[in-house]
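K.L.:
My questions concern the predicted model and sequence given below.
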Amino acid sequence: MTTNSEPPGRRTGPLLALVVVGVALVLAIAATTYFIAHRDSGGGTPESVTLPPGTTVVQNSAGVPPPSGGVTAGQPVPSTIAPQPGTTAPSTAPAPGFAHQALWPFADEAAAALWQQSYRDGGHQPWHLDPAATALNFTQGYLGYDNLNKAVLTTTKGEESWVTVGFDNPNGVAIVAAMLHLARIGTGADAPWEVIGTDDRTLSLDNPVYGAKVNSPLAVGGHVTGVDESLRVQVRQLDKAQAVGEIPGIPAGGQNSPWSGSVPFTATCPGTLTVAVATGGHIEAVERFAITGVHC
């Protein structure tokens with residue numbers, strides 16, 4: 001999935017990747033550089049670049065667990081309200097006043113404002129102000145990818161943030177599963193973070209396109225680099241505890257090889273949907289994933 005903006009320092013064409021090689025090296029580069037890999041390079045050697053002024057990079061040397069007051073699998077945060085009706089395709093149909101697809105945890109700016117008031121009144125769910133915690137709550141609590149328990153790197157520039165999430169392999173080396181793209185929703189210094197998509201690399205979700213109006217069954221597809229992959233696709237809606245559509249076991253593999261499938265879903269329309277594809281089974285149940293946002 002590709003949103004309208006790209007991570008700071010990213011060149012047109014290549015997609016961002018991360019290699020974590022050890023604490024000493026991380027301390028040497030974390031403040032000024034991050035890694036960029038060519039799309040579908042199959043894990044080629046990344047190149048480091050200097051980030052533009054105003055970019056904040058936070059190296060997370062340990063996993064950031066879902067904070068107190070986090071969400072359980074498939075559950076929306078209490079402050080969410082019904083999504084706004086979508087428009088006809090093709091359309092981004094963002095929440096009113098919000099320039100992206102509002103995927104999670106808020107349906108729109110009104111829902112974000114409700115949380116802001118509760119936070120100001122009683123400090124309710126402060127993790128909404130932390131992009132890394134928000135990314136992990138989304139990955140584990142909403143998508144159900146429990147083994148992805150580490151926020152490896154957080155890069156923030158202005159009102160947007162890119163958080164790489166993943167896990168440690170048996171040798172203690174961080175493996176990146178996805179780079180989540182977040183943006184602040186609402187106004188004020190305490191505007192919370194909202195998940196709006198992913199920056200795809202060796203597993204992509206190209207169809208449906210970001211912001212499209214869709215119907216059931218949903219045609220899905222993209223590209224993957226890997227060996228003996230088995231792809232699982234799920235469709236989620238913010239106010240539903242379970243996926244509204246899912247298909248497992250799409251066989252795939254090779255170098256930048258296409259994959260495709262069809263997902264029947266039952267959703268409350270009009271509404272916003274998150275489509276996610278994941279693969280794994282070599283080291284962990286989920287090792288890579290990608291998402292996109294659409295509406296029905």
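P.N.:
Structure received.

K.L.:
how many other residues sit next to residue 283?
P.N.:
Applying other C-beta atoms under 10 Å, we find 12 other residues in the vicinity of residue 283. C-betas here are computed from N, CA, C, even on glycine.

K.L.:
and if you look at residue 111?
P.N.:
26.

K.L.:
same deal with the one 10 residues further on?
P.N.:
The tally of other residues near residue 121 (other C-beta under 10 Å) stands at 8.

K.L.:
helix, strand or coil for it?
P.N.:
Of the three states, residue 121 takes helix under DSSP: H, G, I helix; E, B strand; the rest coil.

K.L.:
ok, so what distance separates it from residue 190?
P.N.:
Distance, residue 121 to residue 190, by C-beta to C-beta, to the nearest Å: 12 Å.

K.L.:
Repeat that for residue 240.
P.N.:
For residue 240, the distance to residue 190 - C-beta to C-beta - is 28 Å.

K.L.:
Also residue 279?
P.N.:
When residue 279 is compared with residue 190 (using C-beta to C-beta), they lie 37 Å apart.

K.L.:
Who has more neighbours out of the two?
P.N.:
residue 279 (24 against 15).

K.L.:
you'd agree that one is up against residue 228?
P.N.:
No. If you go by C-beta atoms under 8 Å, residue 279 and residue 228 don't touch, sitting 9.6 Å apart.

K.L.:
Low-confidence bits of this structure, can you list those?
P.N.:
1-96 (pLDDT under 70).

K.L.:
Which parts of it are helices?
P.N.:
For the chain, the helices defined by DSSP state H cover 23-29, 109-122, 131-136.

K.L.:
Nearest to residue 183, out of those?
P.N.:
Residue 183 lies closest to helix 131-136 among the helices of the chain, at 9.4 Å (C-beta to C-beta).

K.L.:
elements contacting that closest one?
P.N.:
strand 150-157, strand 160-168, strand 174-184, strand 193-198 (3 or more C-beta pairs under 8 Å, 6 or more residues apart in numbering; DSSP states H and E).

K.L.:
if you compare those strands, which one is most tucked away?
P.N.:
Ranked by mean neighbour count, the helices and strands packed on helix 131-136 are led by strand 193-198 with a mean of 27 (mean count of other C-beta atoms under 10 Å).
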